[in-house]
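Undergrad: Fold the following.
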Amino acid sequence: MVCSGEFYAATQSAESGVLLLDVTTAPPRVLRRFDVAAALGEVPGPSVAFASEDLLLGTTYGDLDTGSADQAFLIDASSGQIRQLAQASSAFVYGDVRCCAESCALADTDKNGLYFWTIVDDRVSAPSLVQIHGAAGLPPRYLGAF
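TA: Numbering: from 1, shown residues only. Have a look, this model is predicted:
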């Protein structure tokens, strides 16, 4: 579960985080909290996906007021390590992330395309950008899932 905190509140960073939940209990209980804002300087965005059994891929919101840009990050749930994978050109550029098997995608509205990573065990490939033809209309923001 991801919470960005209350926008523009003084406590936004402290209220934000990524939670790993045990949904086999009622109510679900928090197994672990990851403080993305403390690690990367920005609050997590709404989209996160399991890249493997222990790795989560997500994004942060940049800040238009301070000029900070969105970031893509990877959380190692077993160690708690949070590391940056990519940085956008500005705030509110990155959209959804989705992972399937060993491949993860991230929508980038500024580049009008999708970034792809291959993630095997704890090895992460360099991102590759697949641009979407300009005739498609609006840039990608959301990635479908079923």
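Undergrad: switch to C-alpha atoms for all contacts and neighbour counts from now on
TA: Will do.
Undergrad: What strand or helix carries the residue nearest to the spatial centre of the chain?
TA: Nearest to the mean C-alpha position of the chain, by Cα atoms, centre = their mean, lies residue 58 at 1.5 Å. Taking DSSP states H and E as the definition, residue 58 sits inside strand 55-60.
Undergrad: ok, and what's touching that strand?
TA: 42-51, 70-77, 94, 97, 122 (Cα atoms under 8 Å, 6 or more residues apart in numbering).
Undergrad: For PyMOL, write a command that selects the buried ones of those.
TA: With 16 or more other Cα atoms under 10 Å as the burial test, the buried ones among the contacts of strand 55-60 are selected in PyMOL as follows:
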select buried, resi 42+43+44+45+46+47+48+49+50+51+70+71+72+73+74+75+76+77+94+97
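Undergrad: packing partners for the worst-scoring helix or strand of the chain on mean pLDDT?
TA: When each helix and strand of the chain is scored by mean pLDDT, DSSP states H and E, helix 12-15 comes last, with a mean of 80. Judged by 3 or more Cα pairs under 8 Å, 6 or more residues apart in numbering; DSSP states H and E, helix 12-15 is in contact with helix 36-40.
Undergrad: Tell me the first helix or strand C-terminal of the helix it packs on.
TA: strand 44-50.
Undergrad: What strands line up against that next one, and which way round?
TA: strand 55-60 (antiparallel) (DSSP bridges).
Undergrad: I would like the residues contacting the helix or strand following the strand it pairs with, please.
TA: Downstream of strand 55-60, the next assigned helix or strand under DSSP H and E is strand 71-76. Under the criterion Cα under 8 Å, 6+ apart, residues 34, 54-62, 81-88, 94 lie in contact with strand 71-76.
Undergrad: And the buried ones among those, selectable in PyMOL?
TA: Buried residues among those (16+ other Cα under 10 Å), as a PyMOL selection:
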select buried, resi 34+55+56+57+58+59+60+61+62+82+83+84+85+87+88+94
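Undergrad: wait, doesn't residue 44 sit right on residue 61?
TA: Yes: Residue 44 is within contact range of residue 61, at 6.0 Å (criterion: Cα atoms under 8 Å).
Undergrad: circling back: how big is the angle separating the strand holding residue 58 from strand 71-76?
TA: Interaxial angle of strand 55-60 relative to strand 71-76 (axes from the mean of the first three to the mean of the last three Cα atoms, to 10 degrees): 150 degrees.
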